[in-house]
Structures are given as structure tokens and as C-alpha cells.
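# Sequence and predicted structure below; questions after.
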There are 2 protein chains.
Amino acid sequence: MRGLTTELSEDELVAAIVRVLGEQPRTLRVGIGDDAAAWKPARAHLSLATVDALVDQVHFRLHETTPEMLGRKALAVSLSDIAAMGGRAALAIVALGVTAEIDAEWSRRFYQGMRDLAHRARCSIAGGDIVRAPALTISVTAIGDVRPSNMRLRSGAKQGDLLCVSGPLGLAAAYLRSAAPGQALRSAYESPEPRLAEGKFLGASRAVHAMMDISDGLSLDASRMAKASALDVCLDLDALRTHRPLALSEFADALDLMLYGGDDYELLVAVNARSHTHLARRFKARFGRELWVAGRFQPGAGNVWELADGDRRKHEPRGYDHLKNTRK
Amino acid sequence: MRGLTTELSEDELVAAIVRVLGEQPRTLRVGIGDDAAAWKPARAHLSLATVDALVDQVHFRLHETTPEMLGRKALAVSLSDIAAMGGRAALAIVALGVTAEIDAEWSRRFYQGMRDLAHRARCSIAGGDIVRAPALTISVTAIGDVRPSNMRLRSGAKQGDLLCVSGPLGLAAAYLRSAAPGQALRSAYESPEPRLAEGKFLGASRAVHAMMDISDGLSLDASRMAKASALDVCLDLDALRTHRPLALSEFADALDLMLYGGDDYELLVAVNARSHTHLARRFKARFGRELWVAGRFQPGAGNVWELADGDRRKHEPRGYDHLKNTRK
């Protein structure tokens, strides 16, 4: 690959990116090319913003994926946070740190992957910054909005609420562990789907008290929701076994992958216990997936317990820690 | 320094950062600690967003600055883009890629530097992401808003407009060149002041047709404004000499530093020629600095000219290119 250094200036690359992105949603007033993006925020909504950073050799391996997949995933993980607030996406701002081996063609394909997901999510790619860096570094800030009554925080869980999950767990982690991963594992890892429609649906339900996305594993993220809500949570390992995805059958430690694997980007919700059956039925009818029960909130101070074969014991939360860069 | 790996988890570091930041402005509904920040956008305003990335050894040298200075500067360069749109700041979202040598104390001081500027700009530090990276990488997304009638783009310059600059040029570049730089040069480089009040003032004037900030040097940024406005621009080198800052007296190539240095973060504005005297008088009274004339827009197609001693010749725009990582 020819590096950008010998090929393109920043202005030329930005112009190429603008061409790839094509027409953008009309709420965007000023897109790429000015000092800042400008858009008209939705009236009476709250605005939302979040950032996720991905670094080569830490969060992905450049040579084991395609630029399109990487662009798509970088946007997906940020949109997942907007989904977890019950919101919808409006725009994304991308900071790219590139090495000499990233060329214009790579960048074009990266933005193409981003564009296709952005288009479906009705999200503009509205600006960014491109700089030199010693490793490919991608930071995507996603901006969206939410009707205030639909917003759900981590801290809203109530005593007796069921801890529910919007889809399968452990697949992305299994992909990284498997010598010959199948397509189901690969696509769970490479192209996670931000649960935007699910988040909007769940946020609109009064039975849903708290919501977040599972990025660092059920164990650690459930612990975070419990702490934020000043409650204990008890994980039901028998229920986890029941909801083990088919694609994990070959894994002896499937339960560990579901608990500690991370990179799932499913929604974790605290649901009023009496409303769960009704809500899960509507969820299934709408999205074709179970809103399955993985545990229950109890009085406490942020501790996690686990229930297996009728036996209840202390659970030590662990998962992906972005600083320790390892499973804790 | 002890690295974070042996010291703190991500959750513990985030808690420490929240303590450093203290109380945040009241428009922020949800700050650090949830999936996304949430805020109430200003009614009838446009929202603005921009990102700037800084990488160790590319944009700064970790061992030649303090964490406070670096935090302050990272926020300042992003706020400068909000200023250049005529807007005011609302919040900032920070993605930090840290190496093993960054410890909790360093992070605390970094956010402290950011906090002090944020406080003055009435801007919340509302969220972020912290990951491992091979070099310290800082991306700050600044979000703000602007009254639509006050927003100024790069593309608004009109034939005959004067190209004006909101303050001194070349100081930051001179700092990097000087063997024994004085305080004026050091502080221009280390703690540039985002011209938020100036941007708001200029955006509110009907005499101002276009605005941007000078980050990559007058030469390259004037060329960008000319291209965006589909005009030529002629730089007045005699005027540049007249407005050479005192602190550049010792530099034989002061003019080059002013033209190509970059890292200035002054505002570049296209001003109606007949209104300039009046506007500059009000600007001087309010900010104590000249709104000085550096050139003039002419019919054309994005070319740059230079005028010196009555002689007009083609000017080759160059400056800091973030991809070539060098003066072009």
C-alpha cells in the first residue's frame, strides 16, 4: 500500500470522503468541511452524545478484518450507546489516527462501511479529524436525541426488577477463541448490530426502569447497573444455560463466554417483574428474539450474586477492562 | 510512574475523574457514568459539534509539557472550532488513549487543566472513553450551539471583503523554533485561548461574511476560505510585516512563521470593506486587540496571491498538513 504521505493531502482526502458519503439527512445544516457540523436538534427532546475509541492490536487487528467491517463496527459500538439511552441517532463525528500504511483507498472503504450502517440508522457522518498516529486509532462520537420520558439510565433499576437481555451473549468472545469460527460467530464479532429499534421500544415502555448496553460482559455490566441503582443483583446461571446460543454448543466454557466475554452490544434492562411476560411477548412479536431473564435485583449495595442449582453464592464481577486491556 | 495496569480499573479511574470535575453546568442532565451524556439543547439554536485529535510526538511532546497544560490545550483547540462558527460551548466528550506510563495522578491533573478552561467557557466535561494505546492520544469532541443568524461558515466571503485576523500570528510556531523561548511564545503554544467571546461578537455582526479558525497557518487556511467561497484571496505581506508581534523581533523569518506556522487559533474573518473601520473600533474597545487586515478577496476560483512592495504575485499555499505531518 502506498501511504497517504506520498499521495494525498488532508484536504484531498477529506474531499474524497465527502464523495463517498454522498447525500446526508436533511436535518444536517453543515457537514464535513467547515469548522464544526451544525444541525437542528429535535424540539422538546434531550440531546445525547457518546464516544468510543478503538485501537489496532487492542480492540481489533487491522490485518484480520476489512476496512468496511471496521468502519461499520466503529460506528456500531457508538450507536449502541445511543440505543441504550432509548434514543435515536442523528450524527457521528469521526477522529481517525492513521499510520503510513493506511492509504486513500483504505479510507474510502472504511467510510463506505460506516456509511451503509449510518444510512440505515438515519445518521449523518458530519465531520471529523484525521491525524498521524503510531497505530490506527478510531474515535467515533455519536450524537442523537431522545424524548425525555423515554430516556433510561443505568441507575433506574428497582427492587424486584428482572434483569433482562435483548439477545444472545458470548458469540463475539467465542469468535476470538475459536480456531475455525463459523459465520454466526464472525458476524457477531465483526458486525454487531446496534439495537436502536429495540432501545427505542424498551425506552418507551413504563415497565423498563433501567437500560445500558453490554459491552464489557454481562457480569461486569450487570454489576455496574446494580451499583448505579444502589441494589444487589443475582445472576441466574440456570437461565444463562437455558439461553446458551446454539453456536456456543462446542464450547465447554460457554457460560464463561456469556458472562465475561463482552463485545455483545445487546441491551441490558431492568424490567418490572409483573410486566415482563407481556413486554417480552410484544418484544418477541416485534423483533423475533427473546427478551430473556438473566437475573433479578434485590436490596443491597451493588453486590452481585449467582444462583445455580438452587444454590446462591457471591459472584465476583469481571469482564473486559479497557485499561487493564484484559479480562479482569 | 506506576501504570494504571497495576493500579486502577477503568471504573475507579472514571470515579476519580468525576471527583476532579466537580459540579457541572445545570443544562447537563446526564454526565459521565452512563452510556451517553444527555443535555437540553438551546431552543431555536442550531447545535454544533467538532472533534480534534492530538497525538504524542505528532502534536505535542508528553515530556515537555504538564498534564494540566495538555488538558487545557486539547479542549482549547476544539473550542476554537466552536468559536469559529459564532457559537458558544455546551459540553465536551473526551476519548483518551493511554500508554502504561500514564497513571491516575497524571489523568487527574489532565482533567484538572481541562476543567479550569471548561469552567470559564461554561462547558461541561460530559463523558468519554479511556482505552489503551501505543501513544498518548487525545480526541476532544466539543459540542455547542449558535443562533442560526449568527453562524458563519468558511464559504460566505464576498468579492471585495477584507481578510481579517483577530490577534497575533506565528507565536506558537516560534516557540517550537526557539532555543530559549520567552513566556509569550510558550503560553501561545501551550495555552492558546479559544476566541469564544470574539467569535460570538463577530458572528453577531452583519459585516462579517465568513469565519474560521487559523489552525494550520494563515496561508493554508486563507486558501481554504477562498476555495470554499469560490473567490481568490490576495495576502498583503506589507500588512503582515506591520502586524508582526514584538515577540517575533528576533526571528529573521517572522513573516514565514506568521504565514505558515499554524497552531495560532486566532479567528480568520471576511469583513465587508466599508464596515471594517467601525467593526475594528468596536472590536478593539471590547477585546483590546486589533482586528487587523491581512488581505482581500477578489474574483477568482480559490487561488491565493501575495502583495509586497506594490508587487502582486501568485502565492503557493502551504502550512501544517495533518497527514503529511509536516509543513507542506
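Perfect, thanks for sending it. Numbering: from 1, shown residues only, chains lettered A, B, ... in the order given.
# Spell out which parts of the stretch 101-250 of chain A neighbour chain B.
Taking C-beta under 8 Å from any C-beta of the partner chain as the test, the list of the stretch 101-250 of chain A residues beside chain B reads A:126-135, A:137, A:139, A:141-144, A:146, A:151, A:153-155, A:212-213, A:224, A:228. Quick note: C-beta positions are derived from backbone N, CA and C, even for glycine.
# let's see it at 6 Å
Neighbours of chain B within the stretch 101-250 of chain A, by C-beta under 6 Å from any C-beta of the partner chain: A:128-129, A:131-135, A:137, A:139, A:141, A:143, A:153-154, A:212.
# now the helices for the stretch 51-200 of chain A?
With DSSP state H, counting those that start in this stretch as the definition, the stretch 51-200 of chain A shows helices at residue ranges A:67-84, A:104-120, A:171-177, A:183-190, A:196-203.
# For those helices, give me a markdown table that also has mean neighbour count and mean pLDDT.
Formatted as a markdown table, those follow (neighbours: other C-beta atoms under 10 Å in any protein chain shown; pLDDT from 0 to 100):
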| stretch | mean neighbour count | mean pLDDT |
| --- | --- | --- |
| helix A:67-84 | 26 | 97 |
| helix A:104-120 | 20 | 93 |
| helix A:171-177 | 21 | 94 |
| helix A:183-190 | 18 | 94 |
| helix A:196-203 | 22 | 98 |
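# JSON lines for those helices, including distance to B:H243?
Output for these, formatted as JSON lines (distance: least, C-beta to C-beta, whole Å):
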{"stretch": "helix A:67-84", "distance to B:H243": "43"}
{"stretch": "helix A:104-120", "distance to B:H243": "38"}
{"stretch": "helix A:171-177", "distance to B:H243": "57"}
{"stretch": "helix A:183-190", "distance to B:H243": "54"}
{"stretch": "helix A:196-203", "distance to B:H243": "52"}
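# For B:C164, which of those is the nearest?
The closest approach between B:C164 and any of the helices of the stretch 51-200 of chain A, judged by C-beta to C-beta, belongs to helix A:104-120 at 34.7 Å.
# quick one: average confidence on stretch A:219-238?
In this model, stretch A:219-238 carries a mean pLDDT of 97.
# tell me which residues of it are tucked away?
By neighbour count, and taking 16 or more other C-beta atoms under 10 Å in any protein chain shown as the criterion, the buried residues in stretch A:219-238 are A:219-229, A:231-237.
# ditto for stretch A:293-305
For stretch A:293-305, a neighbour-count test (16+ other C-beta under 10 Å) marks A:293-297, A:300, A:302-305 as buried.
# what do you get for stretch A:11-27?
Using 16+ other C-beta under 10 Å as the burial criterion, the residues of stretch A:11-27 that qualify are A:11, A:13-14, A:16-17, A:21, A:24-25.
# Same question for stretch A:240-249.
For stretch A:240-249, a neighbour-count test (16+ other C-beta under 10 Å) marks A:240, A:243-245, A:247-248 as buried.
# for the stretch 151-300 of chain A, what spans make up the strands?
Along the stretch 151-300 of chain A, the stretches classed as strands by DSSP state E, counting those that start in this stretch are A:162-165, A:208-213, A:232-236, A:267-271, A:292-298.
# Rebuild those strands as TSV, extending it with distance to A:G182.
As requested, those are arranged in TSV below (distance: least, C-beta to C-beta, whole Å):
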stretch	distance to A:G182
strand A:162-165	22
strand A:208-213	24
strand A:232-236	27
strand A:267-271	25
strand A:292-298	22
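# out of these, nearest to B:L259?
Within those, the stretch nearest B:L259 is strand A:208-213; the backing value is 48.2 Å (C-beta to C-beta).
# and that closest one, which strands flank it?
Partners of strand A:208-213 in the sheet, by DSSP bridges, are strand A:267-271 (antiparallel).
# Any figure for the gap between A:M151 and B:L96?
Counting by C-beta to C-beta, to the nearest Å, the gap from A:M151 to B:L96 is 26 Å.
# contacting residues for A:L268?
By C-beta atoms under 6 Å, 6 or more residues apart in numbering or on different chains, the residues touching A:L268 are A:212, A:214, A:221.
# Tell me how many other residues surround the first one.
Taking other C-beta atoms under 10 Å in any protein chain shown as the criterion, the count of residues near A:M212 is 24.
# Could you double-check that it sits in contact with A:I82?
No: contact status for A:M212 versus A:I82: not in contact, 11.9 Å apart, counting by C-beta atoms under 6 Å.
# Need the three-state assignment for A:A49.
Recorded secondary structure, A:A49: strand (DSSP: H, G, I helix; E, B strand; the rest coil).
# so it makes contact with A:I143?
Yes: between A:A49 and A:I143 there is a contact at 4.9 Å, judged by C-beta under 6 Å.
# ok, back up a step: so which of the buried residues of stretch A:219-238 belong to helices?
In helices, defined here by DSSP state H, the members of these are A:219-228, A:237.
# pLDDT weak spots in chain A?
Low-confidence regions of chain A, defined here as pLDDT under 70, cover residues A:1-8, A:322-328.
# 90 instead, please
Under the criterion pLDDT under 90, the flagged ranges of chain A are A:1-28, A:32-33, A:43, A:64, A:103-104, A:127, A:179, A:310, A:319-328.
# Distance of A:H278 relative to B:M151?
As for A:H278, its distance to B:M151 is 48 Å (criterion: C-beta to C-beta).
# Over to A:S275?
To B:M151, A:S275 is 46 Å away according to C-beta to C-beta.
# which of the two has more neighbours?
When A:S275 and B:M151 are compared on other C-beta under 10 Å, the one with more neighbours turns out to be B:M151, at 22 against 15.
# Do I have it right that that one meets B:R88?
No: between B:M151 and B:R88 there is no contact, the gap being 11.7 Å when judged by C-beta under 6 Å.
# which residues do these two both contact?
The contact lists of B:M151 and B:R88 share no entry, where a contact means C-beta under 6 Å, 6+ apart.
# Test my guess that A:Y111 contacts A:R19.
No: here A:Y111 lies out of contact with A:R19, judged by C-beta under 6 Å, at a distance of 9.6 Å.
# and A:L255, how many neighbours does it have?
A count of nearby residues for A:L255, using other C-beta under 10 Å, gives 17.
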